[in-house]
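Asks: Provided below for reference: sequence and predicted model.
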Protein chains: 2
Amino acid sequence: MKTLTLFAGVAVIAVTSVAFADEAHENKDPSVVARQSHMQLYAHNMGVLGGMAQGKIDYDADAAQSAADNMVALIGMNQMSYWPAGTDNASIEGTKALPSLWEDFDNVMVINANFSAAADTMADVAGTDLESLQGAMQALGGACSACHREYRQRN
Amino acid sequence: MKTLTLFAGVAVIAVTSVAFADEAHENKDPSVVARQSHMQLYAHNMGVLGGMAQGKIDYDADAAQSAADNMVALIGMNQMSYWPAGTDNASIEGTKALPSLWEDFDNVMVINANFSAAADTMADVAGTDLESLQGAMQALGGACSACHREYRQRN
């Protein structure tokens, strides 16, 4: 799970249909639906960790560990089919992904490596106690922001 | 990743906000957004595998393997925070999850175990060749349907 697989491989797979119909995503490019779903799962698990870190959710070691492990699992997934060329916000509707994301590939990989490392650190300590979780939160949240700041359109 | 973690743990975490705003999901319960996003990622990766199996996408060993590995990673994630009690379709809007999903917990776990086993089998062979992928497809697709047939509202 330590291997960075965001854009691993060279094949660009055109997934022309999704088996799970969801009216909320009608008319969206399937690759955009997939990456936004992936982001939702990051957000959901970050919501658990961040909620505990901020005292909005009671700390629960098992739930914290699960959320951290989920982050690691998600980052370990191969996302090559989510990000085909031509699905930036200058090319299609329904996405905030800037063209620079495809142009700055090396930097995206650096950000992703930092994200992966921060999630690993979180997974190492999230189940220990609240203070340890809080200590790992800034780096993990910062890793999310690092990519959004550079490569996501500001409303 | 072999451990079944769908409902592992006892804590039910109320995730009251998601960090990744998406207008498509406005007003939806955050746990519903999370599980539907998870389903989208199943669907996306099943779309790759199914598309190849049906000859709609050219077989590519690396892409097939990645999609199968993604299925295994997704099934291995802990989903306890997605399925709190009271988020069935009789209780809230925006979901097709039937109340029986919570009532037939043991059977849901059996279906999930079959799903996990089918994904493991797919991951063992997806990168070998198209025929092997095709041979593993029916069990994997069947495992999806087994849960939808029982626990998802029709239409």
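Replies: Sure thing, it's come through.
Asks: Sketch out the helices for chain A, chain order is fine.
Replies: For chain A, the helices defined by DSSP state H cover A:30-53, A:61-76, A:100-103, A:105-125, A:130-151.
Asks: does A:Ile111 really touch A:His148, like I thought?
Replies: No: contact between A:Ile111 and A:His148 fails when scored by CB atoms under 8 Å: they sit 9.8 Å apart. For every residue, glycine as well, the C-beta is placed using N, CA and C.
Asks: and those two? which has more neighbours close in?
Replies: A:Ile111 (20 against 16; other CB atoms under 10 Å in any protein chain shown).
Asks: Quick one: residues contacting that one.
Replies: By CB atoms under 8 Å, 6 or more residues apart in numbering or on different chains, A:Ile111 lies in contact with A:Ala143, A:Ala146, A:Cys147, A:Glu150.
Asks: Same list (the helices of chain A) but as a markdown table, adding mean pLDDT.
Replies: A markdown table is the format used below for the helices of chain A (pLDDT from 0 to 100):
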| stretch | mean pLDDT |
| --- | --- |
| helix A:30-53 | 97 |
| helix A:61-76 | 98 |
| helix A:100-103 | 96 |
| helix A:105-125 | 96 |
| helix A:130-151 | 96 |
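Asks: Tell me which of those approaches B:Gln54 most closely.
Replies: With CB to CB, the closest approach to B:Gln54 among the helices of chain A belongs to helix A:30-53: 15.8 Å.
Asks: and the closest one, what does it pack onto?
Replies: helix A:61-76, helix A:130-151, helix B:30-53 (3 or more CB pairs under 8 Å, 6 or more residues apart in numbering or on different chains; DSSP states H and E).
Asks: What's the local residue count around A:Tyr59?
Replies: A:Tyr59 has 16 nearby residues by other CB under 10 Å.
Asks: actually A:Cys147, sorry about that
Replies: A:Cys147 has 16 neighbours, counted by other CB under 10 Å.
Asks: just A:Arg152 next, same as before
Replies: A:Arg152 has 17 neighbours, counted by other CB under 10 Å.
Asks: Can you name the residues that contact it?
Replies: Contacts of A:Arg152 (CB under 8 Å, 6+ apart): A:Lys96, A:Ala97, A:Leu98.
Asks: Repeat that for A:Asn114.
Replies: Residues in contact with A:Asn114, defined by CB under 8 Å, 6+ apart, are A:Ala139, A:Ala143, A:Ala146.
Asks: Mind doing that once more with 10 Å?
Replies: Shown in contact with A:Asn114 (CB atoms under 10 Å, 6 or more residues apart in numbering or on different chains): A:Ala139, A:Leu140, A:Gly142, A:Ala143, A:Ala146, A:Cys147.
Asks: Next: A:Met52.
Replies: Taking CB under 10 Å, 6+ apart as the criterion, A:Met52 is in contact with A:58-61, A:63-64, A:67, A:126, A:130, A:133-134, A:137, B:13.
Asks: any chance of these in CSV, with distance to A:Lys28 too?
Replies: As requested, the contacts of A:Met52 are exported to CSV (distance: CB to CB, whole Å):
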residue, distance to A:Lys28
A:Asp58, 36
A:Tyr59, 37
A:Asp60, 35
A:Ala61, 38
A:Ala63, 31
A:Ala64, 33
A:Ala67, 27
A:Ala126, 33
A:Leu130, 38
A:Leu133, 34
A:Gln134, 36
A:Met137, 31
B:Ile13, 29
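Asks: All good on my end, thank you.
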